[in-house]
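K.L.:
Sequence and predicted structure are below.
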Protein chains: 2
Amino acid sequence: MTERAADGTGVRGRRKRPTMLDVAREAGVALRTVSRVVNEDPTVGSHLVSRVQAAISALDYVPDERARQLRRGVTGTIGAAVRNLTDAHPVLGAIDHNAREAGLTVLAMSTEDEEAREREVVTSMCRRRVDGIIIEPISSNHQYLSAEVESGLPVVAVDRPLSGLEADTVLSDNAAGIGTAFRHLVLHGHRRIAYIGDHERIFTGRERAAAFRACVAAHGGPLDGMVHPGAVEPDRVVAALQTALGGPEPATALIAGNAATSIEVLRHLGAEAGRLAIVGFDDFLLADILRPALTVIAQDDAAIGRTAIELLLARGADPTHPVRTVTLPVTLVPRGSGELPPA
Amino acid sequence: MTERAADGTGVRGRRKRPTMLDVAREAGVALRTVSRVVNEDPTVGSHLVSRVQAAISALDYVPDERARQLRRGVTGTIGAAVRNLTDAHPVLGAIDHNAREAGLTVLAMSTEDEEAREREVVTSMCRRRVDGIIIEPISSNHQYLSAEVESGLPVVAVDRPLSGLEADTVLSDNAAGIGTAFRHLVLHGHRRIAYIGDHERIFTGRERAAAFRACVAAHGGPLDGMVHPGAVEPDRVVAALQTALGGPEPATALIAGNAATSIEVLRHLGAEAGRLAIVGFDDFLLADILRPALTVIAQDDAAIGRTAIELLLARGADPTHPVRTVTLPVTLVPRGSGELPPA
């Protein structure tokens, strides 16, 4: 462990430093070219390298310590603002693992899915001079981060995009996941398929409910009483389930929009669980030892964590490159519950 | 949110401050009396209050900002060094919840149960000037924290004590938990009861295995092939299970020493799970919807988190009071698996 000051200012921190932009002006090249030279990109022509190096010498330019720490990955700490610290969080685990591989330490804080709390937690991370932030966003407006982002703090959103602020983002393919689940149930003979999932004010809840409606429409099936986005609370989930399973034409299959919904549904059905075909979005510990074991659409937690760290490091190394959104594929894991025939 | 510097030095931070001990000497009273006056303890006699206040004025004493922040609970951040950030962690959730109630923010980091990693993470927290640290200890030596503790950093250990350093500690009653589980199985007719649990180099693993051996001895039962502490890895757990269930006199009941062991056992037994009586130490999500549902010894996660925060706040308010260890009771939750008769 090094003893460098945690705020990364190093020995030169107190005076106004020349910026990468100053170097670009001095050298008469694009900002991006300076960035590529500083990051030792081998594809830059040698005459450009010489001009940039001359400007760097002339201005006594020192690359930003924060970006350097991220690149070197020696002393850096990154903040992870996640929904909560109680539940299992394999993506956070993967972020932690990949950060460690890169020599970074992860500091996790919980937003409790509250807007005010998210802002408080993220601001606290900034005050603590983290070298980057990975965030599972909940706020409807992330303008409060814009000054930090403009000053070079790498920020990556996972699971949902930021609002009102461009940032590198890692998403799962929600639409393909719902489509795959729907098709799987249709292939097993189901015609009346219901969906219970998260509130549509949440990005993933909105994407999954919208994809489900599209599937039903494409299939010519009924929508009435079949689509139930809302709060993931026992009473609401049970009421939605009763609506879907009641009436003259009850659903014979269900897509649960997230793990918490799957669990509430299974808890309510108890021994009756084997009579309703179910595909759950998101895998969870023990889904494989339930009876019937739960068929799920699994996100690639390891890839999400790895990609988030990669985007953060790339942003730290080159603050100027265009913002990227990476959408990762999901996988159907058939285990029994999704292969039941219509009752 | 206030804009006070995160390191809590405030406006007076740079010069050498008079300490509480200086005030005690000046007033001719015990250190503890100064602490009680500073903390506005109403039980201190008025003549003592006057003497202490006179000394405070004379020395221009300002109570330590770090302790003040903890007491006021406005700007403080506390670090939580936990085993990992992947798995569900209800105690961490309870720490986060209670910290928030006290106006504190929790910053969690994972030690991955590695000694070197723990030290790195905890040192990083100290560099970031957290106002207190809650730690699930793994190191065999916590001397590296002694300077920070002596300088007034409140540190609380949960689940296991620190080694080589006294600190406030919150434990669960491991011996009573094993005793309760054992007695429950005996009352359901079992005479050959096995134990599979964590490695004995881990405090909880050691306490639980020792308690189990005591139960067997007290009951006059066989120990051979019945006690299996070790790494919680699928192969090791399965091998231990095969030993316990093999031979001419197989175990008819099992105590699983932690949730991860319970899960490995259930995963291996599959549909055979209903033929072995099982009590698991530690509850976990979905234990209630397994078939048979898992009987567990449940720790009081909410009380553990609340107590950890209370001890931290008390230590911040009065760094001089004696170190405390709080051992919290555990509860048997019968759900089916522990009530099965001998096969």
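P.N.:
Looks like it arrived, so ask away.

K.L.:
For the stretch 1-150 of chain A, what lies in contact range of chain B?
P.N.:
Within the stretch 1-150 of chain A, the positions near chain B by Cβ under 8 Å from any Cβ of the partner chain are A:1, A:6, A:77, A:84-90, A:92-94, A:96, A:100, A:105-110, A:112, A:120-121, A:123-124, A:127-128. Backbone N, C-alpha and C define where each C-beta goes, glycine included.

K.L.:
Tell me which of these fall in helices.
P.N.:
Mapping the residues of the stretch 1-150 of chain A next to chain B onto helices (DSSP state H) picks out A:90, A:92-94, A:96, A:100, A:120-121, A:123-124, A:127.

K.L.:
Buried by neighbour count, from the residues you listed: which ones?
P.N.:
A:90, A:92-94, A:96, A:100, A:120-121, A:124, A:127 (16 or more other Cβ atoms under 10 Å in any protein chain shown).

K.L.:
Show me which of the ones in helices among the residues of the stretch 1-150 of chain A next to chain B is closest to chain B.
P.N.:
Proximity of these to chain B (Cβ to the nearest Cβ) peaks at A:G93, which lies at 2.7 Å.

K.L.:
Surely the closest one touches B:T86?
P.N.:
Yes - under the criterion of Cβ atoms under 8 Å, A:G93 makes contact with B:T86 at 2.7 Å.

K.L.:
Tell me the buried residues in stretch A:281-298?
P.N.:
Those would be A:281-287, A:289-298, for stretch A:281-298 by 16+ other Cβ under 10 Å.

K.L.:
quick one, phi psi at A:G132?
P.N.:
With angles defined as degrees, to the nearest 10, A:G132 sits at phi 180, psi 160.

K.L.:
List the residues that contact it.
P.N.:
Neighbouring residues of A:G132 by Cβ atoms under 8 Å, 6 or more residues apart in numbering or on different chains: A:70, A:76, A:78-79, A:153-156, A:312, A:315-316.

K.L.:
tally of neighbours for A:V149?
P.N.:
18 (other Cβ atoms under 10 Å in any protein chain shown).

K.L.:
Can you read off the pLDDT for the residue nearest to it when sequence neighbours are not counted?
P.N.:
Distances taken as Cβ to Cβ, 6 or more residues apart in numbering or on different chains place A:V155 nearest to A:V149, at 5.6 Å, with adjacent residues excluded. Here, the pLDDT recorded for A:V155 equals 97.

K.L.:
what does A:L286 give?
P.N.:
pLDDT at A:L286 comes out at 88.

K.L.:
contacting residues for it?
P.N.:
A:L286 makes contact with B:263, B:285-286, B:290 under the criterion Cβ under 8 Å, 6+ apart.

K.L.:
what helix or strand does the residue located most distally from the centre of chain A sit in?
P.N.:
Among residues of chain A, the one most distant from the C-alpha centroid is A:A58; the distance is 42.1 Å, by Cα atoms, centre = their mean. Using DSSP states H and E, A:A58 maps to helix A:46-59.

K.L.:
helices or strands up against that helix?
P.N.:
Taking 3 or more Cβ pairs under 8 Å, 6 or more residues apart in numbering or on different chains; DSSP states H and E as contact, the helices and strands that helix A:46-59 lies on are helix A:20-27, helix A:31-38.

K.L.:
Select from those helices the stretch with the lowest mean pLDDT.
P.N.:
For the helices and strands packed on helix A:46-59, where the average pLDDT is lowest is helix A:31-38, sitting at a mean of 79.

K.L.:
That helix versus helix A:46-59: what angle between them?
P.N.:
90 degrees (axes from the mean of the first three to the mean of the last three Cα atoms, to 10 degrees).

K.L.:
Could you give the number of residues near A:G270?
P.N.:
Neighbours around A:G270, by other Cβ under 10 Å: 11.

K.L.:
Against which helices or strands is the one helix or strand A:L312 maps to packed?
P.N.:
In this structure, A:L312 sits in helix A:301-317 according to DSSP H and E. Applying 3+ Cβ pairs under 8 Å, 6+ apart, we find helix A:301-317 packed against helix A:65-72, helix A:90-101, strand A:133-135, strand A:155-158, strand A:168-172, strand A:325-328.

K.L.:
Point out the most buried one among the helices and strands packed on helix A:46-59.
P.N.:
Among those, helix A:31-38 has the highest mean neighbour count (mean count of other Cβ atoms under 10 Å in any protein chain shown), at a mean of 21.

K.L.:
Only the C-alpha atoms, please, for that one, written as CSV.
P.N.:
Output in CSV follows, covering the C-alpha atoms of helix A:31-38 (Å, rounded to 0.1, in the frame of the first residue of the first chain):
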residue,chain,number,x,y,z
LEU,A,31,-7.6,17.5,-27.3
ARG,A,32,-8.2,13.8,-28.2
THR,A,33,-4.7,13.6,-29.7
VAL,A,34,-3.1,14.9,-26.4
SER,A,35,-5.2,12.3,-24.6
ARG,A,36,-4.0,9.5,-26.9
VAL,A,37,-0.3,10.6,-26.5
VAL,A,38,-0.6,10.8,-22.7
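
K.L.:
tell me how far it is from the chain's mean position?
P.N.:
From the chain centre to the centre of helix A:31-38 is a distance of 29 Å (Cα atoms, centre = their mean, to the nearest Å).

K.L.:
One more: stretch A:264-279?
P.N.:
29 Å.

K.L.:
Let's check: the centremost residue of chain A is which one?
P.N.:
Note: chain A centre (Cα atoms, centre = their mean) maps to A:V158, 1.6 Å.

K.L.:
any idea how far the nearest residue to that residue once chain neighbours are set aside is from A:I297?
P.N.:
In this structure, A:V158 finds its nearest non-sequential neighbour in A:V170, 4.8 Å apart by Cβ to Cβ, 6+ apart. Separation of A:V170 from A:I297 (Cβ to Cβ, to the nearest Å): 17 Å.

K.L.:
now swap in A:D22 and tell me
P.N.:
50 Å.

K.L.:
Now do the phi/psi pair for A:G247.
P.N.:
Torsion angles, degrees, to the nearest 10, at A:G247: phi 80, psi 180.

K.L.:
Could you pull up the contacting residues of the residue nearest to the centre of chain A?
P.N.:
A:V158 sits in contact with A:91, A:95, A:134-136, A:169-171, A:304, A:308, where contact means Cβ under 8 Å, 6+ apart.
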